[in-house]
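A.B. asks: Predicted model, plus sequence, below.
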Amino acid sequence: EVQLVEHGGGLVQAGGSLRLSCEVSGITFADHTIGWFRQAPGKQREGVSCIRRLDNTSYYRDSVKGRFSISNDNAKNTVYLQMNSLKPEDTAVYYCAAGWYTGLSAQLYDFWGQGTQVTVST
């Protein structure tokens, strides 16, 4: 059974940092991608970043480039999302997801975590 468990959400002031982690279990195929998505109240879920765990190819949405960094630790079966210079508009529930293709579209992902709340105050 594939399981994804997010940790690291919380409340932070604008300009601050948070690191999210996604613990991955139950995936035996090495070539898969972990994506981070977010959904703010009343808005559609959007792709934030993703990383292909086989070769660490990564992508970011434009609004987080230069501020967020995704990384992969195969030994710990964990993918991290380091979020710096946070803005109030980054406030959302953040989800990690697993899929067999690489990209920022939610349709590419088959397995989802439960989500973790990130709130950035002014």
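C.D. replies: Nice, thanks for sending it over.
A.B. asks: Do a quick rundown of the strands in the protein.
C.D. replies: Remark: strands assigned in the chain by DSSP state E are 3-7, 10-13, 18-25, 33-39, 46-52, 58-60, 68-73, 78-83, 92-99, 109-112, 116-121.
A.B. asks: Name the residues that touch the last one?
C.D. replies: It refers to strand 116-121. Strand 116-121 has contacts (C-beta atoms under 8 Å, 6 or more residues apart in numbering) with 6-14, 16, 18, 20, 38, 83, 86-95. Using the backbone N, CA and C atoms, a C-beta is placed for each residue, glycine as well.
A.B. asks: Name only those of those that count as buried.
C.D. replies: The neighbour count (16 or more other C-beta atoms under 10 Å) marks 6, 8-9, 12, 18, 20, 38, 83, 86, 90-95 as buried among the contacts of strand 116-121.
A.B. asks: Distance check, residue 60 against residue 104.
C.D. replies: To residue 104, residue 60 is 8 Å away according to C-beta to C-beta, to the nearest Å.
A.B. asks: One more: residue 50?
C.D. replies: 6 Å.
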